[in-house]
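> make a model of this:
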Amino acid sequence: MTSTEGRGLFYSGSAGIGKSRLLREGVAALPNDRYAIWSIAASATTASLPFGGLVQVLPAEQPQGLSPAGILRWALDVLQQ
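Numbers count the residues shown, from 1 in each chain. From the prediction side, this is the model:
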């Protein structure tokens, strides 16, 4: 990959179909000296928060007054930093 743009993977599906295993195996194949890798997971506790599954990697203080698209842009900017 020669682009400076970020990349990401998102797995979704019913419980028990192998999403976690597929993700772990894919990540294990990546050279860790070239990629920043975050593992995140949503939970019942964080389900009511905007981007609750990302609480492990986003700052606790989210900007106020942004539209849903603005919050998404903010989250992407934070992750790219």
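
> what comes up buried for the longest helix seen in the chain?
Determined from DSSP state H, the single longest helix within the chain is helix 68-80. By neighbour count with 16 or more other Cβ atoms under 10 Å, helix 68-80 contains the buried residues Ile71, Trp74, Ala75. (Each C-beta comes from the backbone N, C-alpha and C, glycine too.)

> residues touching the last one, list them.
When the contact criterion is Cβ atoms under 8 Å, 6 or more residues apart in numbering, the partners of Ala75 are Phe51, Leu54, Leu58.

> correct me, but the first one touches Pro68?
No - counting by Cβ atoms under 8 Å, Phe51 sits too far from Pro68 to count as a contact (10.0 Å).

> how is the nearest residue to Ala41 once chain neighbours are set aside assigned, secondary-structure-wise?
Distances taken as Cβ to Cβ, 6 or more residues apart in numbering place Gly53 nearest to Ala41, at 6.2 Å, with adjacent residues excluded. The local conformation at Gly53, judged by DSSP: H, G, I helix; E, B strand; the rest coil, is helix.

> can you read off the pLDDT for the residue in the chain sticking out farthest from the centre?
Centroid-distance maximum for the chain: Gly65 at 22.2 Å, with Cα atoms, centre = their mean. As predicted, Gly65 sits at a pLDDT of 91.

> do the same with Thr4
60.

> just give me the neighbour total for Pro59.
Residues near Pro59, counting by other Cβ atoms under 10 Å, number 10.

> find the residue closest to it in space, skipping its chain neighbours.
That would be Val78: by Cβ to Cβ, 6+ apart, it lies 6.6 Å from Pro59.

> list the contacts of the one you found.
Val78 neighbours (Cβ under 8 Å, 6+ apart): Val57, Leu58, Pro59.
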